[in-house]
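[1] below are the sequence and a predicted model; questions follow.
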Amino acid sequence: MTTTVTTRPAVSVAGLRKTFGAKVVLDGIDLTVTEGTVFALLGPNGAGKTTMVRILATLLPPDSGSIRVAGHDLARDADEVRAAIGLTGQFAAVDRLLTVQENLRLMADLHRLGRTEGGRRVARLIERFDLGESARKPVSLLSGGQQRRLDLAMTLVGNPRLIFLDEPTTGLDPRSRHAMWQIVRELVAEGVTVFLTTQYLEEADQLADRIAVLDHGRIVVEGTPDELKRRIPGGHLLLRFTEPDTLHAAAAVLDTAHRDDDALTLQVPSDGDVASLRAVLNTLDRVRAEPDHLTIHTPDLDDVFFAFTGAPATTDATSEEISR
């Protein structure tokens, strides 16, 4: 399937502010999400990620700010926004007493699809999400990963152009998490826009076209994953040698390197790109100081998260945000 790439905004936010009593949760947020992309919003617990999603999904009114979602003004055209979006929250919003098929048919009825079209769409979603063997089972008998897939399938019954995924892989095992990632990639390839919140930094790194980090109610940094990593110092090449003489010769020509005589290593500042690696190896080749082993160390999103929030990233996504 050919996907048309656009630069039109699926979400446009300017000056968004939200408070709960004396607590400022969102403090003048500006952001733009381009159609047909994955936008990931990261932040510590309580940073306001879920509050942001609830406002954009028309579930919570903002205190102030200009917001357009799927081409519609949020304040004036809330019904049109709801018709264009889908929302999958942190916990599967399915009826555990009904079967998979009954849950999907119920959603089709809510969208007034009619028996024939509703039946076709339910059948396609059951096949797409690999739920055929479980279609007639009560949801209570499904695994966590199957329930999350069903939850997302229900979100797609109405063919939304924009999907909000609020920590969609919370509590899933690695295999189920990777299965959800593949589904997200397929949706984006079809032109769907995904607004993702997550505490799994690997998830954001794998899926997101752009990432914003929210902390204390403000966007503290935004960019592509690679752009954010390049903003963090500390990338280096670690060269390991087998002989002290070779180490000495290498250190003599790599004057910016940190030398460890006991470990027979040199640590050379580098952003890890091919050009800088080639330059170092060419320099060593001229003095015949070939390393026995070379490792490239580059900053990751954990480093970005820590640098801009002052808190270590966590993969414990089981606790809920206090900012609802």
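    Here it is on my side, so go on.

[2] which element is the nearest residue to residue 206 once chain neighbours are set aside on?
    Ranked by CB to CB, 6 or more residues apart in numbering and with sequence neighbours excluded, the top spatial neighbour of residue 206 is residue 181, at 5.8 Å. The way it works is simple: take the backbone N, C-alpha and C, and place the C-beta from them, glycine included. Under the criterion of DSSP states H and E, residue 181 resides in helix 174-189.

[3] any low-confidence regions in the stretch 201-324 of the chain?
    Counting by pLDDT under 70, the low-confidence segments of the stretch 201-324 of the chain come to 311-324.

[4] which stretches of it form strands?
    For the stretch 201-324 of the chain, the strands defined by DSSP state E, counting those that start in this stretch occupy 210-215, 218-223, 236-240, 258-260, 265-269, 293-297.

[5] same list (those strands) but as CSV, adding mean neighbour count and distance to residue 156.
    Below are these laid out as CSV (neighbours: other CB atoms under 10 Å; distance: least, CB to CB, whole Å):
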stretch, mean neighbour count, distance to residue 156
strand 210-215, 23, 23
strand 218-223, 17, 28
strand 236-240, 21, 44
strand 258-260, 13, 52
strand 265-269, 20, 47
strand 293-297, 13, 40
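
[6] contact partners for the residue nearest to residue 206?
    If a contact means CB atoms under 8 Å, 6 or more residues apart in numbering, then residue 181 has 169, 203, 206-207 as its contacts.

[7] closest to residue 47 among those?
    Distance to residue 47, by CB to CB, is smallest for residue 203 among those, at 16.5 Å.

[8] so that closest one touches residue 172, yeah?
    No - contact criterion CB atoms under 8 Å: residue 203 and residue 172 do not qualify, at 10.4 Å.

[9] between those two, which is the more surrounded one?
    Higher neighbour count among residue 203 and residue 172: residue 203, with 25 against 20, using other CB atoms under 10 Å.

[10] ok, the more buried one to residue 184 distance?
    9 Å (CB to CB, to the nearest Å).

[11] what do the two both touch?
    Here residue 203 and residue 184 have residue 196 as joint contacts, going by CB under 8 Å, 6+ apart.

[12] now tabulate the strands of the stretch 201-324 of the chain in TSV and tack on distance to residue 26.
    Listed next are these as TSV, based on distance: least, CB to CB, whole Å:
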stretch	distance to residue 26
strand 210-215	8
strand 218-223	8
strand 236-240	37
strand 258-260	43
strand 265-269	38
strand 293-297	36
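
[13] so which of the ones you listed gets nearest residue 284?
    For residue 284, the closest of those is strand 236-240, at 7.8 Å, according to CB to CB.

[14] quick one: residues contacting the residue nearest to the spatial centre of the chain.
    By CA atoms, centre = their mean, the chain has its centre lying nearest to residue 204, at 3.0 Å. By CB under 8 Å, 6+ apart, residue 204 lies in contact with 40, 42, 196, 198, 211, 225, 301.

[15] show me the helices in the stretch 201-324 of the chain, by range?
    In the stretch 201-324 of the chain, the segments counted as helices under DSSP state H, counting those that start in this stretch are 201-207, 225-230, 244-253, 274-286, 301-309.

[16] can you tell me what sits against the second one?
    Pointing back at helix 225-230 there. In contact with helix 225-230 (CB under 8 Å, 6+ apart) are residues 204-205, 208, 211, 221, 271, 298-301, 303-304.

[17] redo that, cut-off 10 Å
    Here helix 225-230 makes contact (CB atoms under 10 Å, 6 or more residues apart in numbering) with 40, 42, 201, 204-213, 221-224, 235, 271-273, 298-301, 303-305, 307-308.

[18] for the last one, same thing?
    Outside of helix 301-309, the residues within contact range by CB under 10 Å, 6+ apart are 40, 42-44, 47, 199-205, 208, 211, 213-216, 219-221, 223, 225, 227-235, 299, 311-315.

[19] minimum distance to residue 15: which of the helices of the stretch 201-324 of the chain has it?
    Closest approach to residue 15 among those is made by helix 301-309 (21.3 Å; CB to CB).
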